[in-house]
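> what's the 3D shape of this:
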Amino acid sequence: MPRNILLVCTGNTCRSPMAAALLAARLGDRCRVQSAGTAALPGEPASEFAVRVMAERGLDLSGHRSRPLVPELVAGADLVLTMTRGHRQAVVHLCPAAADRTFTLREFAGCPLHPPQGEDLDIPDPLGGSEQVYRQVADELARLVDAVAARMARFETPGGEQA
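Numbering: from 1, shown residues only. Sure, this is the predicted structure:
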């Protein structure tokens with residue numbers, strides 16, 4: 001089972017911190033879960049709506065501070081989960097050796113690499129949206145994180161899948 005998981009979005013103030021909080025809560029101390037952004041400014045707090053929506057789920061993002069994606073973070077991750085295909089490309093461009101362990105969150109959760117027409121592997125950015133938009137994104141992230149956690153559990157069982 002991967003021990004260090006990195007979640008990546010753009011600014012590291014919405015999607016990846018929410019997904020990281022959800023995944024860390026789901027996996028407990030079995031993994032270290034971190035987040036970063038491809039265009040993040042260091043030290044920015046999570047967006048107000050992200051903090052509120054996670055608080056509704058009993059998760060505290062008030063202490064979150066954004067950080068830029070750097071090669072060292074990628075190199076230290078056993079698994080990198082991105083919010084979009086563009087983020088995945090950015091990770092691989094930054095650290096080509098991580099290509100075989102970098103996936104969009106939807107891919108790793110079990111969605112097909114080539115989804116049916118009309119479906120997308122990208123998770124929409126709620127930045128600038130209403131609190132309801134953040135809630136919808138959080139609901140989708142929670143669903144995907146549950147699928148990821150189920151997949152992680154298979155890593156821990158004898159004869160479970162291999163990455």
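
> Packing partners of the longest helix along the chain?
The single longest helix within the chain, with elements called by DSSP state H, is helix 131-156. Applying 3 or more CB pairs under 8 Å, 6 or more residues apart in numbering; DSSP states H and E, one finds that helix 131-156 contacts helix 15-27, helix 48-56, helix 105-109. (C-beta placed from N, C-alpha, C; glycine too.)

> most tightly surrounded among those helices?
Among the helices and strands packed on helix 131-156, helix 15-27 has the highest mean neighbour count (mean count of other CB atoms under 10 Å), at a mean of 25.

> So which elements touch it?
Secondary-structure packing of helix 15-27 (3+ CB pairs under 8 Å, 6+ apart): strand 4-9, strand 32-37, helix 48-56, helix 131-156.

> Any idea which of these gets closest to residue 88?
For the helices and strands packed on helix 15-27, distance to residue 88 was read as CB to CB. The smallest value, 8.1 Å, belongs to strand 4-9.

> burial count for residue 63?
Around residue 63 there are 8 other residues, counting by other CB atoms under 10 Å.

> Equivalent analysis for residue 154, please.
Each residue near residue 154 was counted by other CB under 10 Å, and the total is 12.

> Distance of it relative to residue 4?
Distance of residue 154 to residue 4, given as CB to CB, to the nearest Å: 18 Å.

> same thing with residue 150?
Distance from residue 150 to residue 4, counting by CB to CB: 19 Å.

> Compare the helices and strands packed on helix 131-156 and say which comes out lowest on pLDDT.
Note on the helices and strands packed on helix 131-156: helix 105-109 shows the lowest mean pLDDT, a mean of 93.

> chain center to that helix: distance?
Centroid displacement of helix 105-109 relative to its chain, using CA atoms, centre = their mean, to the nearest Å, is 9 Å.

> which helices and strands sit right next to that helix?
If you count contacts as 3+ CB pairs under 8 Å, 6+ apart, helix 105-109 packs onto strand 79-82, helix 131-156.

> If we use 6 Å, what do you get?
Packing partners of helix 105-109 (3 or more CB pairs under 6 Å, 6 or more residues apart in numbering; DSSP states H and E): helix 131-156.

> Next, the buried residues of the helix it packs on.
Of the residues in helix 131-156, 133-135, 137-138, 140-142, 144-145, 148-149, 151-152 count as buried by neighbour count, 16 or more other CB atoms under 10 Å.
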